[in-house]
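Peer 1: Have a look; sequence and predicted model below, questions after that.
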Amino acid sequence: MSKFFCDITDQNIDPLSSFRFATDHGHGAQNFFFGAVREMNHGKEVIAVEYDAFIPLAKKVLEEISLEAQKQWGSDLKISVLHRIGKLSVGELSVAIGVSSKHRDESYQASRYIIEQIKVRVPIWKKEYYINGETEWLKGHSLCQHD
């Protein structure tokens, strides 16, 4: 049975799906991170965010990151990573990460590693829509960086 599940979806993220996959009765620690669209960013009022991705490569990189976490913090880690694409309203979940391990330190560190690596390595791009009608692509993956 696979110890990780990674996917890119255009559907709402169900937090329970992350919980179900990352649960292991041999593990005492279960750590979950959920990222949601916030209403303010750098002083601008956000009304929506649109995520776009090169899906085959994004899934591959999510799997690579999960394998790296397992190599670093234990091959028995169970990991679930879901990232949303499409246009999301304020409050909707954009990412869900679940990590279970025998002890809490490994689950915390692996979860933090995964989200930080997603931000810089996965080909997912983020466009914010503001209340004043403006839009802006935000700095993220190296294929879409700007100052």
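Peer 2: Cool, the structure landed. Numbering: from 1, shown residues only.

Peer 1: List the contacts of stretch 15-24.
Peer 2: 5, 30, 32, 34, 76, 78-80, 82, 93, 96-100 (C-beta atoms under 8 Å, 6 or more residues apart in numbering). Bear in mind the C-beta positions are built from the backbone N, C-alpha and C, glycine included.

Peer 1: C-terminal to the helix or strand hosting Val46, what's the next element?
Peer 2: Using DSSP states H and E, Val46 sits within strand 44-53. Where DSSP H and E defines the elements, the next helix or strand beyond strand 44-53 is helix 55-73.

Peer 1: Now that following helix - C-alpha only, PDB.
Peer 2: In PDB, the C-alpha atoms belonging to helix 55-73 read as follows (Å, rounded to 0.1, in the frame of the first residue of the first chain):
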ATOM      1  CA  ILE A  55      -0.900  19.100 -13.900                       C
ATOM      2  CA  PRO A  56       1.400  16.200 -14.900                       C
ATOM      3  CA  LEU A  57       4.500  17.900 -13.800                       C
ATOM      4  CA  ALA A  58       2.900  19.300 -10.600                       C
ATOM      5  CA  LYS A  59       1.800  15.900  -9.500                       C
ATOM      6  CA  LYS A  60       5.200  14.500 -10.200                       C
ATOM      7  CA  VAL A  61       6.900  17.200  -8.200                       C
ATOM      8  CA  LEU A  62       4.400  16.700  -5.300                       C
ATOM      9  CA  GLU A  63       5.300  13.000  -5.300                       C
ATOM     10  CA  GLU A  64       9.100  13.900  -5.300                       C
ATOM     11  CA  ILE A  65       8.600  16.200  -2.400                       C
ATOM     12  CA  SER A  66       6.700  13.500  -0.500                       C
ATOM     13  CA  LEU A  67       9.400  11.000  -1.100                       C
ATOM     14  CA  GLU A  68      12.000  13.400   0.100                       C
ATOM     15  CA  ALA A  69      10.000  14.000   3.300                       C
ATOM     16  CA  GLN A  70       9.900  10.200   3.800                       C
ATOM     17  CA  LYS A  71      13.600   9.900   3.300                       C
ATOM     18  CA  GLN A  72      14.300  12.700   5.700                       C
ATOM     19  CA  TRP A  73      11.800  11.900   8.500                       C
END
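
Peer 1: Kind regards, and thank you for your time.
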